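Participant: model this:
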Amino acid sequence: MTSGRVIPAESTPETASRFDDLVAAFTRLRDPKLVAAFLKDLCTTQELDALGQRLQVARLVDEGVPYQEISRRTGASTATVTRVAQWLRRGEGGYAAVLKRGRR
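Facilitator: Below is the predicted model:
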C-alpha cells in the first residue's frame with residue numbers, strides 16, 4: 001500500500017490489454033439481460049458466486065456490519081472480508097460507485 005491506496009498486483013501489457021478489452025465489452029452492453037448473458041458465458045458458476053459474494057460483503061462493510069458477522073452471513077472468510085473492505089476504502093472507487101447507485 002502506498003499513499004493510503006491499495007496497489008493492484010503487477011500486470012503485463014498483455015494482461016492490461018485483456019482487461020481493457022473486457023471493460024470495453026461491458027460498456028457496450030447497456031441491456032441488463034445482455035450483461036447477464038455475457039457474465040454467464042464468461043464466468044463459471046463458482047466465479048459468479050465469488051463475485052456476487054464480494055459485492056454482498058462490500059454492501060455489509062459499507063453498512064458498518066462487524067467483519068465476523070459479515071463472514072457468518074455471507075460465508076466469506078474474514079480474509080476476504082478484510083480484503084474487500086480495503087478495496088472499498090482505498091481501491092479504485094468501483095465498489096463505492098456501485099454501492100452509491102443502489103441495489104438494482
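
Participant: okay, CA-based contacts and neighbour counts for the rest of this
Facilitator: Fine.

Participant: Check the offset of the biggest helix by length in the chain from the chain's centre.
Facilitator: Ordering each helix of the chain by length in residues (DSSP state H) puts helix 45-62 first. Relative to its chain's centre, helix 45-62 lies at 7 Å (CA atoms, centre = their mean, to the nearest Å).

Participant: swap in stretch 69-80?
Facilitator: So, by CA atoms, centre = their mean, the centroid of stretch 69-80 is 15 Å from its chain's centroid.

Participant: Now E92: phi and psi?
Facilitator: The phi and psi values for E92, taken as degrees, to the nearest 10, are phi -80, psi -10.

Participant: Export stretch 26-43 to PDB, keeping only CA atoms.
Facilitator: Extracted in PDB, the C-alpha atoms of stretch 26-43 (Å, rounded to 0.1, in the frame of the first residue of the first chain):
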ATOM      1  CA  PHE A  26     -19.100  -4.500 -20.600                       C
ATOM      2  CA  THR A  27     -19.500  -0.800 -21.600                       C
ATOM      3  CA  ARG A  28     -21.000  -1.800 -24.900                       C
ATOM      4  CA  LEU A  29     -23.700  -3.800 -23.200                       C
ATOM      5  CA  ARG A  30     -26.400  -1.500 -21.900                       C
ATOM      6  CA  ASP A  31     -29.200  -4.100 -21.600                       C
ATOM      7  CA  PRO A  32     -29.100  -5.900 -18.200                       C
ATOM      8  CA  LYS A  33     -30.200  -9.100 -19.900                       C
ATOM      9  CA  LEU A  34     -27.200  -8.900 -22.200                       C
ATOM     10  CA  VAL A  35     -24.800  -8.200 -19.300                       C
ATOM     11  CA  ALA A  36     -26.300 -11.300 -17.500                       C
ATOM     12  CA  ALA A  37     -25.900 -13.400 -20.600                       C
ATOM     13  CA  PHE A  38     -22.300 -12.300 -21.100                       C
ATOM     14  CA  LEU A  39     -21.400 -12.900 -17.500                       C
ATOM     15  CA  LYS A  40     -22.900 -16.400 -17.700                       C
ATOM     16  CA  ASP A  41     -20.900 -17.100 -20.800                       C
ATOM     17  CA  LEU A  42     -17.700 -15.600 -19.400                       C
ATOM     18  CA  CYS A  43     -17.600 -17.000 -15.900                       C
END
